[in-house]
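> Okay, predicted coordinates and the sequence, questions at the end:
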Amino acid sequence: MKKILLASIALMGMVLVYGQENNAPEQASGKITYEEKVKIEISLEGDAAALAGMLPKERTSVKELLYRDGITLFRESRSTGENITMEHSEGVRIRMVGSGENVIFTDVAGGIITEKRDFMNRIFIVERERPVRKWKMTGNSREVLGYKCLEAVSSDTSGVMTRAWFAPEFGAKGGPGLFSDLPGMVLEAEINDGKWTFIAKSVEPLSKEEMKLEKPADGKKVTEEEYNAIVEEKMKEMGVEGGSGGSGTQMRIVIKG
């Protein structure tokens, strides 16, 4: 019990120190623009194997996070990677497309996430409790866009490591994707040794009147389990062995030709 209490006091002390030293302005509402990179692993078998060297090794997108009053809205701003369609002489066809209209609406204070997911032109709404990771403070720090950030790491049950840099003094809590369970704003993050990364490129203050943060509602409401079952079934129909891993570690697709 004493060890837990001392660790908590130490973390509070680190946050307080950085709050005193930081010179960047506190942002109660605004927009953060992130660059998202996802490394792609595609394994082609049979006659289609000759196409493997022609496919991209990563995909880059520009995402934005709007935040105010304890809520955040994370969505795609624009994709810098083009959709790709390739055909092999033996009739194997490969098509790589963007993530579509995916939106993550987070009630940070209430701990509820509502996601709009675009899967093969079908829109689904998934609402669930915000996942809470077991974070460990490393004691490392760095400056991101003028904000002094602390480093925290976490591992899931499969051993995949997540590393996040968050600014305790930012004035709002949250971050890209599902990052909303640290005491500050996540400005940089990497998952699975950098196979999936988010890097904040700009912070723009916006008034409440300039932003509409509406919870996604247009789509078929399903549970997380129901959504995963739909995706798995469709992947099997297409002859795809693996998809874009639910934990976002990397995109991996195996197509048997």
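Right, received. Where do you want to start?

> what stretches of this protein score poorly on pLDDT?
1-27, 42-55, 78-100, 239-257 (pLDDT under 70).

> in it, which spans are helices?
2-21, 224-238 (DSSP state H).

> which other helices and strands contact the shortest one?
I take that to be helix 224-238. For helix 224-238, the packing partners by 3 or more CB pairs under 8 Å, 6 or more residues apart in numbering; DSSP states H and E come out as strand 112-119, strand 122-129. For every residue, glycine as well, the C-beta is placed using N, CA and C.

> who wins for proximity to L206 among these?
Evaluated over these, closeness to L206 peaks at strand 112-119, with 21.2 Å, by CB to CB.

> What about V38, how many residues nearby?
A count of neighbours around V38, defined by other CB atoms under 10 Å, yields 19.

> surely it meets K57?
No. Using CB atoms under 8 Å as the test, V38 is too far from K57 to be in contact (10.3 Å).

> hey, which of the helices and strands packed on helix 224-238 is tucked in deepest?
A comparison of these by mean neighbour count, using mean count of other CB atoms under 10 Å, puts strand 112-119 on top with a mean of 18.

> which neighbours does that one have in its sheet, and in what orientation?
strand 103-107 (antiparallel), strand 122-129 (antiparallel) (DSSP bridges).

> Those strands: which one's closest to L213?
Comparing the strands paired with strand 112-119 under CB to CB, the one sitting nearest is strand 103-107, at 7.3 Å.

> what comes into contact with the closest one?
Strand 103-107 is contacted from outside by 70-75, 112-116, 130, 174, 177-178, 180, 213-216, using CB atoms under 8 Å, 6 or more residues apart in numbering.

> Emit the PyMOL select command for whichever of those residues are buried.
Selection of buried members from these for PyMOL, criterion 16 or more other CB atoms under 10 Å:
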select buried, resi 71+72+73+74+113+114+115+116+174+177+178+180+216
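
> and A229, how many neighbours does it have?
So A229, with other CB under 10 Å, has 12 neighbours.

> Could you do the one 5 residues further on as well?
Other residues within reach of K234 by the criterion other CB under 10 Å amount to 14.

> what does V62 give?
V62 has 14 nearby residues by other CB under 10 Å.

> my guess is it contacts S77, does it?
Yes. Using CB under 8 Å, V62 is in contact with S77, at 4.5 Å.
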